[in-house]
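**Student:** model this:
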Amino acid sequence: MRFSIRSEYCEKNKFTKQIISRNLVCNKEGFWKVDKRDPLTKIPRVETRTGCETRLFVKLDVSSGKFVVIDFKEKYNHELVSLDCAHMLPSQRKISSTQAIELDSASKSGLRLGQSFELMGREVDNEKQITNMFWADEQMIMDYAQFGDVVTFDTTYKLNKEHRPFASFVGFNHHREAVVFGAALLYDETA
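**Tutor:** Residues are numbered from 1 along each chain as shown. Purely as a prediction, here's the structure:
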């Protein structure tokens, strides 16, 4: 429902191993503990938690055999994901049994796994809605903050299998080594 979840607590029956209660929370619940290695880490962990208080606690009703909502708290402190992108949330990134069968069939037909996922991606983007893509990870953003005084922008044309322009944003660090600040795969060459 426009946010990713994680299981905070799960209680099982000691004998049957059946789940009897579970507490589901927003994946942004709580805060990470301070990493003792923090000054020594080259790539620090990205802070993703905001202390969100949204939670759902369910318990098994033994008489009916169904789970009953015991407690529900809807108190967000972050923006929710649009419905169009909800399937990309970490808790939703699973393939269905139908998709697994399709991947298995594609494998038996001689398609490599990468080709199979590309085929599934084309089925998702059958209306040609995915156009330009830009990406920069946390390290690239930190490098840009430190060394972004001079940035070069370069494009290589039609060297990938899709024949799309690839653009890179590059600079230099204090050791005069090339540092990538970001990259883009362009659908076309329009502004």
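**Student:** How about the secondary structure of Ala167?
**Tutor:** The three-state label given to Ala167 by DSSP: H, G, I helix; E, B strand; the rest coil is strand.
**Student:** So what pairs up with it in the strands?
**Tutor:** Beta-bridge pairing of Ala167 under DSSP bridges involves Thr155, Ala184.
**Student:** show me what contacts it?
**Tutor:** The contact partners of Ala167, taken as CB atoms under 8 Å, 6 or more residues apart in numbering, are 153-155, 183-186. (Each C-beta comes from the backbone N, C-alpha and C, glycine too.)
**Student:** which residue ranges form the helices in this protein?
**Tutor:** Here the chain has its helices, by DSSP state H, at 97-108, 113-124, 138-147.
**Student:** Kindly compare burial across these and name the winner.
**Tutor:** Neighbour counts (mean count of other CB atoms under 10 Å) averaged over each of the helices of the chain peak at helix 138-147, with a mean of 14.
**Student:** just how off-centre is that one within its chain?
**Tutor:** Centre-to-centre, helix 138-147 and its host chain are 21 Å apart (CA atoms, centre = their mean, to the nearest Å).
**Student:** Columns pLDDT on top of the contacts of Ala167, output as CSV?
**Tutor:** Compiled in CSV, the contacts of Ala167 are given as follows (pLDDT from 0 to 100):
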residue, pLDDT
Phe153, 85
Asp154, 80
Thr155, 78
Ala183, 89
Ala184, 86
Leu185, 79
Leu186, 78
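**Student:** Drop anything exposed from the residues you listed.
**Tutor:** The neighbour-count test (16 or more other CB atoms under 10 Å) applied to the contacts of Ala167 identifies 184-186 as buried.
**Student:** now Gly148: how far from Leu185?
**Tutor:** 21 Å (CB to CB, to the nearest Å).
**Student:** give me every residue that touches Lys73.
**Tutor:** By CB under 8 Å, 6+ apart, Lys73 lies in contact with 53-56.
**Student:** switch the cut-off to 7 Å
**Tutor:** Residues in contact with Lys73 (CB atoms under 7 Å, 6 or more residues apart in numbering) are 53-55.
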